[in-house]
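>>> just to be clear, the model below is a prediction. Sequence and coordinates:
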Amino acid sequence: MLLSHHWLSYFWMLGRDIERLQNAYKHVDVCPLGSGAIAGTGFPVDRIRQAELLGFARVSENSIDATGDRDFALEAVAAVTCLQVHLSRWAEELVLWTTREFGFVGLPDAITTGSSLMPQKRNPDLLELARAQAGVGAGQLVTLAVVLKGVPSGYNLDLREDKAPTLAAFRAAETAADATSLVVERLVVHRNRMEEALRGGFLTATEVADYLVRRGVPFRDAHHLAGQVVVAAEEAGQELWELPLEAFKRVSPRFEADVLQAVSIEGAVAAKDVPGGTAPTRVAQALAAAREALDAQRGWLDRADADHQAVESRLLTDPLK
């Protein structure tokens, strides 16, 4: 598959995390003022006007729920924990890719540290730090959920324990995001090493079977014939795309000259020409969709930030306007 297709998988993971945070924001955007300690207030306050002045989208519907609800914290912590899990998965992968055994990417000295023992070693500390934050976030999520699970309706003093895990989870998520961003901005892709890794293992053997299936051979039989082609390539010490056509035809007369293109790396990638597939044209479409989604997310964030600034400015100048 294309490297861009692989990395887009993380884009869509993180995109869902942004959607979760946007949903959590919507549920936080509720003004509880006027709920009193539990039963509302005996003073004729204009709750709608209060919410407008403070920049909230709406007022809470029930005074008991407003004083005792901590769903806004639990949902937000769950969203950032999911973000941390996705960043941890990416960090783990990149740690492996930086090793000598893989060597797919490299990290400059500016974002690595030296080993206390081995002078030649570059430690991917930022990635390890990002990876660890998923554990921190998951721990805070469990803490908050366990605190809330036994609290009856309305306010109880248990709820004072909501702040520490919520703030800790957000700090961990910010740490993971910052660390990952620093790495992604600076990592170097070793294209030649990736190309070398394509040799060996007969990676396009499935394409041999698919080629036959497209010509009417049942997959059970095509799978068996593909295995024979692999044996022939192994004995010849060649990759599948390096085998002569005669070697394919000795296995099955269904093979034609175009099989050599079909079993090449480029042919295997191009064959996955479906929405969400790794064919170059499909990846180009996916990149365009990703840029559009990212623009929409940034637009949402800019609007929310502008709204906050407008409310703050109004409150600091003339709060009754």
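Sure, I can see it.
>>> avg pLDDT for the helix or strand containing Tyr25?
Element membership for Tyr25, per DSSP states H and E: helix 3-28. Averaged over helix 3-28, pLDDT sits at 96.
>>> given whichever helix or strand comes after it, what are its sheet partners and their directions?
The helix or strand immediately downstream of helix 3-28 is strand 30-31, counting by DSSP H and E. Take DSSP bridges as the rule and strand 30-31 pairs in its sheet with strand 58-59 (parallel).
>>> what does the pLDDT read for the residue lying closest to His308 once chain neighbours are set aside?
For His308, ignoring the flanking residues on the chain, the nearest one in space by C-beta to C-beta, 6 or more residues apart in numbering is Gly55 at 6.5 Å. Every residue, glycine included, has its C-beta placed from N, CA and C. What the model reports as pLDDT for Gly55 is 93.
>>> read off the pLDDT value for Leu126.
For Leu126, pLDDT reads 95.
>>> just to revisit the earlier point, just give me the neighbour total for the residue nearest to His308.
A count of nearby residues for Gly55, using other C-beta atoms under 10 Å, gives 17.
>>> buried sites along the helix holding Tyr25?
5, 8, 10-11, 13-15, 17-18, 20-21, 24-25 (16 or more other C-beta atoms under 10 Å).
>>> and which of these is nearest Pro218?
His5 (29.7 Å; C-beta to C-beta).
>>> correct me, but that closest one touches Val283?
Yes - if you go by C-beta atoms under 8 Å, His5 and Val283 touch, sitting 4.9 Å apart.
>>> mind listing the strands the worst-scoring helix or strand of the chain on mean pLDDT pairs with, and their directions?
Averaged element by element with mean pLDDT, DSSP states H and E, the chain has its least confident helix or strand at strand 113-114 (a mean of 80). With DSSP bridges as the test, strand 113-114 is paired with strand 122-123 (antiparallel).
>>> after the partner strand, which helix or strand is next?
helix 125-149.
>>> tell me what the helix or strand following that next one is packed against?
Counting by DSSP H and E, the next helix or strand C-terminal to helix 125-149 is helix 163-186. The criterion is 3 or more C-beta pairs under 8 Å, 6 or more residues apart in numbering; DSSP states H and E, and the helices and strands that helix 163-186 contacts are helix 71-98, helix 125-149.
>>> so for whichever helix or strand comes after the longest one, mean pLDDT?
For helix 71-98, the succeeding helix or strand toward the C-terminus, using DSSP H and E, is strand 105-106. This predicted structure assigns strand 105-106 an average pLDDT of 95.
>>> state the distance from the residue nearest to His308 to Ser313.
Separation of Gly55 from Ser313 (C-beta to C-beta, to the nearest Å): 11 Å.
>>> do the same with Pro108
With C-beta to C-beta as the criterion, Pro108 and Ser313 are 42 Å apart.
>>> again with Val85
On the measure of C-beta to C-beta, Val85 and Ser313 end up 38 Å apart.
>>> between those two, who's got more neighbours?
Remark: of Val85 and Ser313, Val85 carries more neighbours, 18 against 10, as counted by other C-beta under 10 Å.
>>> residues near the closest residue in space to Leu127 that isn't next to it in sequence, how many?
Excluding the flanking residues, the one nearest Leu127 by C-beta to C-beta, 6+ apart is Ala91, at 4.2 Å. Close neighbours of Ala91, defined as other C-beta under 10 Å, add up to 25.
>>> hmm, Ala91 is touching Asp125, no?
No - between Ala91 and Asp125 there is no contact under C-beta under 8 Å: 10.8 Å.
>>> so for those two, which residues contact both of them?
Here Ala91 and Asp125 have no joint contacts, going by C-beta atoms under 8 Å, 6 or more residues apart in numbering.
>>> tell me the contacts of Val229?
Ala205, Val208, Leu240, Leu243, Ala247, Phe248, Val251.
>>> likewise for Ile111?
Leu126, Leu182, Val183, Arg186.
>>> tally up the residues packed near the residue lying closest to the third one once chain neighbours are set aside, please.
To tie it back to what came earlier, the one meant is Val183. Excluding the flanking residues, the one nearest Val183 by C-beta to C-beta, 6+ apart is Leu126, at 5.2 Å. Neighbour count of Leu126, defined by other C-beta under 10 Å: 23.
>>> show me where this structure dips below the pLDDT cut-off.
Within the chain, the ranges that satisfy pLDDT under 70 run 319-321.
>>> quick one, domains of it?
As assigned by automatic domain parsing, the chain contains the domains 3-190, 205-263.
>>> which of those domains sits closest to Leu287?
Using C-beta to C-beta, the nearest of these to Leu287 is domain 3-190, at 6.7 Å.
>>> measure the closest one end to end?
Length of domain 3-190, first residue to last, C-alpha to C-alpha, to the nearest Å: 11 Å.
>>> what residues does stretch 238-248 touch?
By C-beta under 8 Å, 6+ apart, the list of residues contacting stretch 238-248 reads 199, 202, 204-205, 207-208, 229-230, 232-233, 236, 255, 257, 259-260, 263-265, 267.
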